[in-house]
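**Q** Only the shape, not the letters, is given here:
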């Protein structure tokens with residue numbers, strides 16, 4: 001027993017397209033998404049560190065690089081299906097975890113299993129690194145949707161993804177890195193003009209205003 005099955009299976013992540021079942025101008029694979037999320041997480045980690053936070057870089061890179069690796073077992077589930085209910089999300093997570101545990105037991109040498117149990121487990125948690133991952137994942141998803149909307153993609157799902165990504169990012173606005181993204185990066189995105197760009201600006205303003213109202217009522 002070695003790492004052959006693990007290493008050869010990485011190619012499968014290049015073949016799994018994200019947002020399956022929808023027309024896309026820019027198809028993205030799970031492998032490409034994982035690399036981009038790692039780059040975004042690195043940028044967010046830099047901001048946190050500049051603001052005096054202690055970043056566990058090894059943990060952050062492991063979480064970001066491996067966060068979707070279990071999709072090699074079940075593929076990328078269509079977004080509306082995946083988020084239809086919290087119960088369904090938990091069921092899918094349980095299936096992924098069970099398949100990953102079985103794969104580790106069958107294919108990973110025993111003296112490396114603890115490391116791969118850590119890497120193939122859910123990376124989004126309450127640690128700083130887990131929270132950075134949550135934001136980084138949605139930042140890349142936001143850019144995927146934005147790119148399609150820029151091109152005039154008529155699929156309504158990309159507008160839904162854009163809105164849901166912004167809402168999740170905004171929910172982490174207490175973090176230094178998220179504040180930086182909202183204040184320094186998002187304005188550049190929203191300043192780009194193309195047919196329909198005004199609608200994207202209104203969506204952001206609506207999310208921002210709703211957050212302000214909730215803060216005022218607390």
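**A** Nice, thanks for sending it over. From a predicted model like this one, the values you see are computed outputs, not experimental measurements. Numbers count the residues shown, from 1 in each chain.
**Q** so where is this structure shaky, pLDDT-wise?
**A** By pLDDT under 70, the weakly predicted segments of the chain are 1, 75-85, 89, 211-218.
**Q** one more time with 50
**A** Residues of the chain that meet the criterion pLDDT under 50 lie in 216.
**Q** where exactly do the helices run in it?
**A** Using DSSP state H, the helices found in the chain span residues 4-15, 30-50, 57-66, 71-74, 79-82, 86-107, 113-119, 128-150, 157-171, 176-180, 186-190, 197-217.
**Q** Identify each buried residue in the first one, please.
**A** Put plainly, it is helix 4-15. Of all the residues in helix 4-15, those buried under the rule 16 or more other CB atoms under 10 Å are 6, 12, 13. Glycine gets a C-beta too; all of them are placed from N, C-alpha and C.
**Q** related to what we said a few turns ago, point out the most buried one among the helices of the chain.
**A** helix 128-150 (a mean of 22; mean count of other CB atoms under 10 Å).
**Q** so what's the residue positioned nearest the centre of the chain closest to, chain neighbours aside?
**A** Closest to where the C-alpha atoms of the chain average out (CA atoms, centre = their mean) is residue 137, at 1.9 Å. In space, and not counting its chain neighbours, residue 137 is closest to residue 37: 5.5 Å by CB to CB, 6 or more residues apart in numbering.
**Q** my guess is the one you found meets residue 67, correct?
**A** Yes: using CB atoms under 8 Å as the test, residue 37 is close enough to residue 67 to be in contact (6.5 Å).
**Q** Spit out the residues that contact those two alike.
**A** Overlap of the contact sets of residue 37 and residue 67 (by CB atoms under 8 Å, 6 or more residues apart in numbering) consists of 133, 137.
**Q** Report the contact partners of residue 53.
**A** Residue 53 sits next to 128, 176 when contact means CB under 8 Å, 6+ apart.
**Q** Tell me the spacing between residue 162 and residue 8.
**A** Plainly put, residue 162 is 36 Å away from residue 8 if you go by CB to CB, to the nearest Å.
**Q** swap in residue 197?
**A** 44 Å.
**Q** Then residue 48?
**A** From residue 48 across to residue 8, the span is 36 Å (CB to CB).
**Q** Residue 18: what's its closest spatial neighbour, skipping adjacent residues?
**A** Closest to residue 18 by CB to CB, 6+ apart is residue 28, at 4.7 Å.
**Q** wouldn't the one you found be in contact with residue 16 here?
**A** No: taking contacts as CB under 8 Å, residue 28 lies outside contact range of residue 16: 9.9 Å.
**Q** What is the neighbour count of residue 124?
**A** By other CB atoms under 10 Å, 15 other residues sit near residue 124.
**Q** Enumerate every residue touching the closest residue to it other than its chain neighbours.
**A** Using CB to CB, 6+ apart and skipping the chain neighbours, the partner closest in space to residue 124 is residue 134 (4.8 Å). Contact partners of residue 134, counting by CB under 8 Å, 6+ apart, are 124, 168, 172.
**Q** wait, which of those is closest to residue 202?
**A** residue 168 (18.5 Å; CB to CB).
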